[in-house]
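Q: Let's see this in three dimensions:
(4 chains)
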Amino acid sequence: MADGVLSPGVNLEAFSQAIAAIQALRSSVTRAFDCLKDGMRHRETLEGREKGFVSAFQDSLHSVSRDLGELERLSNLVGKPSENHPLHNSGLLSLDPVQDKTPLYSQLLQAYKWSNKDCGNSPLSTLEDPAWADDFKVLPSRTQQNDHCYFAPASSTLELQYHAGLASGLLNQQSLKRSANQMGVSAKRRPKAQPTTLVLPPQYVDDVINRIDRMFPEMSIQLSRPNGTSAMLLVTLGKVLKVIVVMRSLFIDRTIVKGYNENVYTEDGKLDIWSKSNYQVFQKVTDHATTALLHYQLPQMPDVVVRSFMTWLRSYIKLFQAPCQRCGKFLQDGLPPTWRDFRTLEAFHDTCRQ
Amino acid sequence: MSGASAVRISIESACEKQVQEVGLDGSETYLQPLSMSQNLARLAQRIDFSQGSGSEEDEPGPGGRDWASPGDAEDEEGLVKFQPSLWPWDSVRNSLRSALTETCVLYDVLGILKDKKFMTLDPVVQDPPPPKQNPQFLQLISKKKSLAGAAQILLKGAERLSKSVAENQENKRQRDFNSELLRLRQHWKLRKVGDKILGDLSYRSAGSLFPHHGTFEVIKNTDIDLDKKIPEDYCPLDVQIPSDLEGSAYIKVSIQKQAPDIGDLGTVNLFKRPLPKSKPAAEVKLLIHLSLPAENQVRLLFQFQLCTFYEIEIFGAPHWQTKLEAAQNVLLCKEIFAQLSREAVQIKSQIPHIVVKNQIISQPFPGLQLSISLCHSSNDKKSQKSASDRQSPEDHLYVLEHNLHQLIREFHKQTLSSTVMPHPASAPFGHKRMKLAGPQAFDKNDINSLQSNEGLLEKIIKQAKHIFLRRRTARTIDSLASRIEDPQIQAHWSNINDVYESSVKVLITSQGYEQICKSIQLQLNIGVEQIRVVHRDGRVITLSHQEQELQDFLLSQMSQHQVHAVQQLAKVMGWHVLSFSNHVGLGPVESIGNASAITVASPNGDYAISGSISFDCDHKMYLRVRFSSCFLLESISRY
Amino acid sequence: MGVTCVSQVPVAEGKSVQQTVEILTRKLELLGAEKQGTFCVDCETYHTAASTMGQTGKLMYVMHNSEYPLSCFALFENGPCLIADANFDILMVKLKGFFQNAKANKIESRGTRYQYCDFLVKVGTVTMGPSARGISVEVEYCPCVVANDCWNLLMEFMQSFMGNHTPGIPSVFGNKHDSIYSPADSMVQYMELFNKIRKQQQVPVAGMR
Amino acid sequence: MEAPPVTMMPVTGGTINMMEYLLQGSVLDQSLESLLHRLRGLCDNMEPETFLDHEMVFLLKGQQASPFVLRARRSMDKTGMPWHLRYLGQPEIGDKNRHALVRNCVDIATSENLTDFLVEMGFRMDHEFVAKGHVFRKGIMKIVVYKIFRILMPGNTESIEPLSLSYLVELSVVAPAGQDMVSDDMRNFAEQLKPLVHLEKIDPKRLM
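A: As a prediction, this is how the structure comes out:
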């Protein structure tokens, strides 16, 4: 979504260069401060020390000013975002000229909201956003899990906003939900630092996991944090399979399904989150579990996602016992029905599910 | 009593011990003589205090009481009368009594004085008090004198202290050989052979199997002119390092594109990131390094080994610790390289690994060359080495160099800890997991997995492949994301990576329509040889290392996304989807794949729009829109 | 270490043991199973030396299975099954005075090992002394550890290449309930199969050899 | 019955004819610490480990005069370790050239149902004890220093009491038969433990 805020007028190449320049500036400033902090270096003579220090400091200051100049040059190249439609060309499609079908008023309001959003989404305002600033470490396309777009409040008349709010409420009812943003306008404006789901306290994560653990008696969840705050779960489902779930906050990053009798620990006793199962059936289930992670997505309510994922996972308790709901058989190509429907949880062979 | 021997009698004084009883056999039981305190207590017990107080009847003190009990006193006096001869403390009592008498008199006089009727006290006129000043003056003088004495003592002490500090410093500068040797012994293994002191540089005790003996000799540094000023860094202890371990060494790992025919875009720039800042940074590090005390260098040195600019500007002879660490590093690098080249010769691969002098060349992917080289330079040939270094300072793969060091250390650890103590203790020694293989009926696969022992080279090649694949995937996605603005590509890289695996989630969205159409979400698991793509609809696609495959795949996903978006939007707007296909075989020939197409009709059926989406050779997307009924005109709008 | 079913396939009418085995393996290969070397299961019988312990001749079986190359299985009929490492064989030599090896009763099954997805299939010829006495088929479903969970699945698979010779549920499954299937259970099945085949010895089957 | 053909044994095996070379001694509780200290210095650079084992001695009586003795041992402090079944032959004192006691030995790691199985084979438990101590390693040499505890209630390894006020010290090597050189190494090692402990070849028969 980081790209989403960049209007077509922005020179992306220059933009990425500018980010690199900012990085360079940061590092040179850091170096300058480091130099100051470390003080004089040991040399034979006092004179030599002072000289060395001054020249080192001068050098670092020079590099700071050079990097700053570079950044200024690039910032001119980045260019102003154009005031075009934020929807690019596909946005034109929604401007359906069939008058009898599309009420003009709602469209106008919609248009207002778009422009409103556009204001808020101009890159300059997003730059101020701390969350966005964090992402500067990577290239612009690689936002890290920021599945929300958030924007600064627009400076418009209250009246218009009021209407817009009403209208968007109506529109939302008509399943015209287009993106998560529009909800944000109708509901009271969310505070800027909305994606708190990325930095949930470990205690909260523990609670959510514990609750899920208690929910399913045949499923036991073991939580550990070998790498800092990211939790890793070892889910043992009956005597059927074991699942290793790597979390980041409450988002599931990665999951591996292994057989009940397979070793899930490395030589030194840590959870082995990389090696895959030796059995084809569990490799298949691993793929399906990854699919499930892509399917169950609700960035605003990550705990619901985890819960629904676990509920779905639990349906594998009958992995070897349930015949396929379509063909009625147990085996197809040597594999049992490995697919579980995301809604009904019914068992299907991978090839029988469509 | 007569039973006691003559000798015993002659020793003991009769008065000291009293015989308590004489047994029937003639043996005597003695009473222990009283100790001083016991004796005192006994004597004190004999004092009749009531009698004593009674005998003070003539004291005039506490008024009426004494006058009231003269009779009592008389009686007691009588009692005393026959005792005095027994009394050893008689004189004491007498003087006490006289003292009491005196005080009683004084008391009475004072009592009379207080009334001021019968008696008054007048001050006696004495000499004027000149001596009053004198003592003060004397005091001052004596104080001054004693203070001076104290000061002198302190000064003496301070002098002695400063002398000893100076001596210490002197000693420190001179650093006698033995204390240096002691310090050396704390960090290195030493043993005495004949009249030589030999030390061990090798990692053998840490589990290394490298055959190099790695011994150094400790020598006393005597070639110093004692008359001249001793240079500051003079050290009486020096070490003699085997000639082949002198200088500095590091392992260099790099990936080069062998030929331009590999046909991918990323490679050229992939490993050439602008690194203009790295050189000054390295120099700064170097300075810090030199200024640190020797103990802390162990940790830093490792960091340091990995950096290219290994040119120490040595002022004079380096300290022995520095020397030894450098030599040990050379030894480790040699071991790594020896291990790698041995494996390179042994391992059969489709394209054989080439070992040329100090370089191992391997081909992880066709057209790609991984080279691992041992760069070893002794100090005198520094200029030559740095020249070769400057050719390509940027293509280092520091990660792999670091990992090589880590791997060899892991390898060392493995040789040390492969066998464990048996439990129960009577069982023979053996490999930890292997011991379970029999009684727990491990099957063939389990046993194979226990025995699999991948070499250093295989591991590092696998890591190199993965790094290459990962970087190029990132590059491909990024370049697509920056070139194509609609739809948008987002990549969320997982925060946890393995040396052989990493994953990225790719989302394709249209801005403003994220809720309506989120059909395309992919998870890319980047492995060693290939990329596994898990699609949101459950499909799993395996892509090879060829960049084109990933790019084509992403482009096709994007075109599918567009069609899906149109379809969803049409539904929302009340239009009818007439037809929909991800791959239409009709229309103009596309350069890549097939176009996706959709036909929608307006709610009242008057209009129909058909659109097809394809990518042309510039990787631009085209949407061809055809309006039916009114215009039979084909309008092509280009994005 | 998955769930295993060991069964005997009768020799087809008018065919030799070898031919019947070939028919079976061909079916497997058609199914897509991959040949992966050979296997061997052997069984030696030990008598308690006469009147050693006042017990009437209990039989002890010591078995090996190439699937578990480092293990040695010792078991009594309806008794416990000990899993030990290969040194157990040496112990049996030391115990010569107490347990006598009935050399003539040594029986083994040898054949080819096939893998089909997560299934392991071993079709073997059971030989006692120099003569082939029957055919054993072992089907293992590796991912599953609870016998009753995957019996239906296992049976469906066996039907696909054994047709009407598909066996019924093995007796060891019956008393396992939900507990974890262990390699010892497979060895018990083999022991039972071998005992059955030994008894058939008296009734010579036409077409043997 | 014709003789069975020579079949290549698939997996039958095990290591044949292994011998245990043994030196024994004992130290009083007071001097244990100094002995351990010395051992830590002399032995291989591994973490010194303690152990707590439960040993049961089983007898099988036959027609022969001497019963067949097997020792079943399990670790009480480490879970998941296999049981250890051990056969030890008659010890040979040998001549002066061999510096250690030698006896035939068979080491077998087995599953947990060992005791049941031994009973099924006709063995009967003679006695049991708990051994608690330290184990060291130097090359192929194993040094165990342990105290033997009597089990007060049969089967209950919780209630135990020490048998003596000293620790048993054993230096042993398991090697294929005929490798008497190892006994030289053992003697050299034992020399280095003097005078903390004197390790000797002790003939159990003489003690009886």
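Q: In contact with the closest residue to chain B within chain C, which residues?
A: In chain C, the residue that lies nearest chain B is C:Asp85 (2.6 Å; C-beta to the nearest C-beta). C-beta: built from backbone N, CA, C; applies to glycine. Taking C-beta atoms under 8 Å, 6 or more residues apart in numbering or on different chains, we find C:Asp85 in contact with B:437-439, C:70-72, D:14, D:108-110.
Q: In TSV, list the residues you listed along with pLDDT and distance to A:Val29.
A: Output for the contacts of C:Asp85, formatted as TSV (pLDDT from 0 to 100; distance: C-beta to C-beta, whole Å):
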residue	pLDDT	distance to A:Val29
B:Ala437	87	59
B:Gly438	86	64
B:Pro439	88	64
C:Leu70	90	63
C:Ser71	92	66
C:Cys72	93	71
D:Gly14	62	71
D:Ile108	93	70
D:Ala109	93	64
D:Thr110	93	68
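Q: Among the residues you listed, which are located in helices?
A: B:Ala437 (DSSP state H).
Q: Name the nearest of the contacts of C:Asp85 relative to chain A.
A: B:Ala437 (13.0 Å).
Q: Apart from its neighbours in sequence, what residue is nearest that closest one?
A: Among residues not flanking B:Ala437 along the chain, C:Leu70 sits closest, at 4.5 Å (C-beta to C-beta, 6 or more residues apart in numbering or on different chains).
Q: do the strand ranked longest in chain D and chain B meet?
A: As assigned by DSSP state E, the longest strand anywhere in chain D is strand D:124-138. Yes: counting by C-beta under 8 Å from any C-beta of the partner chain, chain B has neighbours in strand D:124-138: D:131, D:133, D:135, D:137.
Q: Can you report how many residues lie near residue 76?
A: The chain I'm using is chain A. A count of nearby residues for A:Asn76, using other C-beta atoms under 10 Å in any protein chain shown, gives 9.
Q: Hmm, no, I was thinking of chain D.
A: Quick note: D:Met76 (other C-beta under 10 Å) scores 18 neighbours.
Q: partners of the helix or strand containing D:Arg150, with directions?
A: Assessed by DSSP states H and E, D:Arg150 sits inside strand D:141-151. Sheet pairing for strand D:141-151, assigned by DSSP bridges, gives strand D:124-138 (antiparallel), strand D:160-162 (antiparallel), strand D:166-176 (antiparallel).
Q: low pLDDT regions in the chain?
A: In the absence of a named chain, chain A is used. A:1-10, A:41-44, A:79-109, A:112, A:116-198 (pLDDT under 70).
Q: Hmm, no, I was thinking of chain D.
A: Where chain D drops into low confidence, which here means pLDDT under 70, it does so at D:1-15, D:64, D:206-208.
Q: top of the residues of strand D:124-138 next to chain B by neighbour count?
A: D:Val135 (25 neighbours).
Q: Would you check how far apart the closest residue to chain A within chain B and A:Asn11 are?
A: Proximity to chain A, evaluated over chain B using C-beta to the nearest C-beta, is greatest for B:Ala481 at 3.3 Å. Taking C-beta to C-beta, to the nearest Å as the measure, B:Ala481 falls 14 Å from A:Asn11.
Q: And the two? Which one has more around it.
A: B:Ala481 (23 against 15).
Q: Now that we're looking at that one, what pLDDT does it have?
A: B:Ala481 carries a pLDDT value of 89.
Q: so it makes contact with B:Ile489?
A: Yes: at 4.3 Å, B:Ala481 and B:Ile489 qualify as touching, with contact defined as C-beta atoms under 8 Å.
Q: After whichever strand or helix holds the residue of chain B closest to chain A, which helix or strand is next? Please name it.
A: Assigned by DSSP H and E, B:Ala481 falls within helix B:456-483. Remark: after helix B:456-483, the chain's next helix or strand is strand B:488-493, criterion DSSP H and E.
Q: quick one, that following strand and helix B:456-483 angle?
A: Angle, strand B:488-493 to helix B:456-483, by axes from the mean of the first three to the mean of the last three C-alpha atoms, to 10 degrees: 150 degrees.
Q: Got the phi and psi for the residue of chain A found nearest chain C?
A: Residue nearest to chain C within chain A: A:Gly334 (2.9 Å; C-beta to the nearest C-beta). Torsion angles at A:Gly334 (phi, psi; degrees, to the nearest 10) stand at phi 80, psi 10.
Q: what about the helices in chain C?
A: Going by DSSP H, chain C shows helices at C:17-31, C:88-94, C:151-162, C:171-174, C:183-200.
Q: B:Lys163: which of these is closest?
A: helix C:88-94 (79.2 Å; C-beta to C-beta).
Q: does any bit of the closest one sit next to chain B?
A: No: applying C-beta under 8 Å from any C-beta, one finds helix C:88-94 separated from chain B by no less than 8.6 Å.
Q: mean confidence for that helix?
A: Helix C:88-94 carries an average pLDDT of 90.
Q: List the contacts of D:Ser26.
A: D:Ser26 touches D:166-169, D:197, counting by C-beta under 8 Å, 6+ apart.
Q: okay, those residues in TSV with distance to B:Ser146 and neighbour count next?
A: Below are those laid out as TSV (distance: C-beta to C-beta, whole Å; neighbours: other C-beta atoms under 10 Å in any protein chain shown):
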residue	distance to B:Ser146	neighbour count
D:Ser166	68	17
D:Tyr167	67	24
D:Leu168	72	17
D:Val169	69	25
D:Val197	66	24
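Q: nearest to C:Thr20, of those residues?
A: Nearest member of the contacts of D:Ser26 to C:Thr20, counting by C-beta to C-beta, is D:Leu168, at 62.1 Å.
Q: ok, the closest one - contacts?
A: Going by C-beta under 8 Å, 6+ apart, the list of residues near D:Leu168 reads D:24-26, D:133, D:144-148.
Q: related to what we said a few turns ago, want to throw the residues of strand D:124-138 next to chain B into CSV with distance to B:Gly26?
A: Below are the residues of strand D:124-138 next to chain B laid out as CSV (distance: C-beta to C-beta, whole Å):
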residue, distance to B:Gly26
D:Ala131, 61
D:Gly133, 60
D:Val135, 67
D:Arg137, 71
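Q: backbone phi and psi for D:Asp95, please?
A: The phi/psi pair for D:Asp95 (degrees, to the nearest 10) is phi -90, psi -170.
Q: any idea how far it lies from chain B?
A: 27 Å (C-beta to the nearest C-beta, to the nearest Å).
Q: With D:Met56 instead?
A: According to C-beta to the nearest C-beta, D:Met56 stands 11 Å off from chain B.
Q: Isn't that residue up against D:Ala131?
A: No: at 11.6 Å, D:Met56 and D:Ala131 do not qualify as touching, with contact defined as C-beta under 8 Å.
Q: ok, longest strand in chain C?
A: strand C:99-116.
Q: Return the list of strands paired to that strand, each annotated with direction.
A: strand C:34-48 (antiparallel), strand C:119-128 (antiparallel).
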